[in-house]
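>>> turn this into a model:
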Amino acid sequence: MTGGVGETVRGAVELTRPVNSIAAGLLTAIGAFVAGEIAAAPLHVASAVGATVFATAAGMAINDYFDREIDRINRPDRAIPRGAISPRGALAFSVALFVGAVALALTLPALAIAIAVVNLLALVAYTELFKGFPGVGNVVVGYLGGSTFLFGGAAVGSVEPVVVLFALAALSTISREVLKDVEDVEGDRAEGLNTLPIAVGERTAWLLAAALLAVAVLASPVPYLLGYFGAVYLLVVLPGVALMIVAIAEGRTDPTAGQERLKYGQFLAALAFVVGRLAAGTQGLL
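Below is the predicted model:
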């Protein structure tokens with residue numbers, strides 16, 4: 001049984017993972033900034049950021065709807081298992097958020113609309129079609145995480161400068177998702193899901209996550225080598241890379257702490273692109 005109106009509203013907000021949804025919108029803004037001048041298309045950037053926030057929130061909500069039985073084991077404190085909001089209410093809320101995302105995305109250039117369509121379909125299909133296939137769901141989430149930068153670039157008409165950022169974000173996100181699957185092995189196994197750690201073992205899954213993150217770390221100097229950014233980019237990206245290395249090592253014994261720390265490293269790395277873009281635009285390559 002659900003609680004009162006206040007508890008239902010609180011539960012609905014929790015479904016959206018507001019920090020994650022707002023962070024996704026921020027990543028879209030970063031993609032637009034790295035790709036070009038935000039001031040050149042402020043309405044498109046605002047629409048892209050809003051669409052990202054709504055779509056991410058909708059994806060979080062519908063994922064909780066589909067995962068409600070798993071969450072009774074893994075996350076009993078979440079909104080649906082604890083009765084703050086009903087499954088039907090969560091589904092309706094998710095649909096409303098998806099409608100808002102579509103409405104905003106339709107105001108954008110054609111490439112941005114195409115990215116939005118692919119992403120929305122992937123968000124809806126993730127839990128029911130992809131999550132239970134070993135590694136496939138992780139790749140889908142990795143793509144979705146990295147595509148926020150592509151979406152921001154497409155909103156201002158230029159994706160080339162953010163392709164490397166997309167690749168780096170996608171690889172590190174896949175690694176983080178594998179750690180999250182290691183964390184959720186008990187509930188996923190109870191529900192009959194065949195996630196990567198269940199299919200190949202937790203140690204092998206961690207090794208795969210570490211290998212993917214190693215590729216991302218090794219690729220981190222590419223924007224400098226390609227001449228997009230100067231040496232200041234390297235100085236800022238190093239702490240983020242170092243934190244991600246620590247995180248993946250920690251994830252071997254504590255996947256919960258490892259995946260959380262890895263997220264912080266990703267944001268630091270994204271910040272390096274912002275600083276690099278600012279430096280390149282105001283001082284030339286250093």
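>>> how about low-confidence regions in the chain?
1-3, 37, 127, 131-132, 281-286 (pLDDT under 70).
>>> list the contacts for the residue nearest to the spatial centre of it?
Residue closest to the average C-alpha location in the chain (Cα atoms, centre = their mean): Gly145, at 3.2 Å. Listed by Cβ atoms under 8 Å, 6 or more residues apart in numbering, the contact partners of Gly145 are Ala24, Leu27, Ala169, Ala170, Thr173. (C-beta placed from N, C-alpha, C; glycine too.)
>>> so which residues of the protein form helices?
5-15, 18-35, 42-66, 68-74, 87-105, 110-125, 136-155, 163-183, 185-190, 196-200, 202-219, 222-225, 231-250, 255-283 (DSSP state H).
>>> of all those, which lies closest to Pro81?
Of all those, helix 68-74 sits nearest to Pro81, with 4.7 Å by Cβ to Cβ.
>>> tell me which residues of the closest one come out buried.
For helix 68-74, a neighbour-count test (16 or more other Cβ atoms under 10 Å) marks Arg68, Ile70, Asp71, Arg72, Asn74 as buried.
>>> what's the farthest-apart pair in those?
Of all pairs drawn from those, the greatest distance, 10.9 Å, lies between Arg68 and Asn74 (Cβ to Cβ).
>>> count of residues packed around the nearest residue to Gly50 once chain neighbours are set aside?
The shortest distance from Gly50 to any residue other than its chain neighbours is 4.8 Å, reached at Leu104 (Cβ to Cβ, 6 or more residues apart in numbering). Look at Leu104: counted by other Cβ atoms under 10 Å, it has 20 neighbours.
>>> likewise for Ala190?
Other residues within reach of Ala190, judged by other Cβ under 10 Å, total 13.
>>> Glu14 reaches Asp77, doesn't it?
No: when contacts are counted by Cβ atoms under 8 Å, Glu14 is not listed as touching Asp77 (9.5 Å).
>>> circling back: how close does the residue nearest to the centre of the chain get to Leu235?
Distance from Gly145 to Leu235, counting by Cβ to Cβ, to the nearest Å: 25 Å.
>>> and Thr28, by the same measure?
In terms of Cβ to Cβ, Thr28 sits 25 Å off from Leu235.
>>> just to revisit the earlier point, could you dump the helices of the chain into TSV and include distance to Pro81?
Shown next, in TSV, are the helices of the chain (distance: least, Cβ to Cβ, whole Å):
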stretch	distance to Pro81
helix 5-15	10
helix 18-35	19
helix 42-66	9
helix 68-74	5
helix 87-105	10
helix 110-125	21
helix 136-155	21
helix 163-183	17
helix 185-190	11
helix 196-200	22
helix 202-219	25
helix 222-225	43
helix 231-250	28
helix 255-283	18
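>>> okay, Thr28 and Leu235: which has more neighbours?
Of the pair Thr28 and Leu235, Thr28 is the one with more neighbours under other Cβ under 10 Å, namely 29 against 14.
>>> now the two most distant members of the contacts of Gly145.
Most distant of those, by Cβ to Cβ, are Ala24 and Ala170, 13.7 Å apart.
>>> what is the neighbour count of Ala46?
Neighbours of Ala46 (other Cβ under 10 Å): 17.
>>> actually, Ala211.
Neighbours around Ala211, by other Cβ under 10 Å: 12.
>>> I'd say Gly137 and Thr195 touch.
Yes: contact criterion Cβ under 8 Å: Gly137 and Thr195 qualify, at 7.3 Å.
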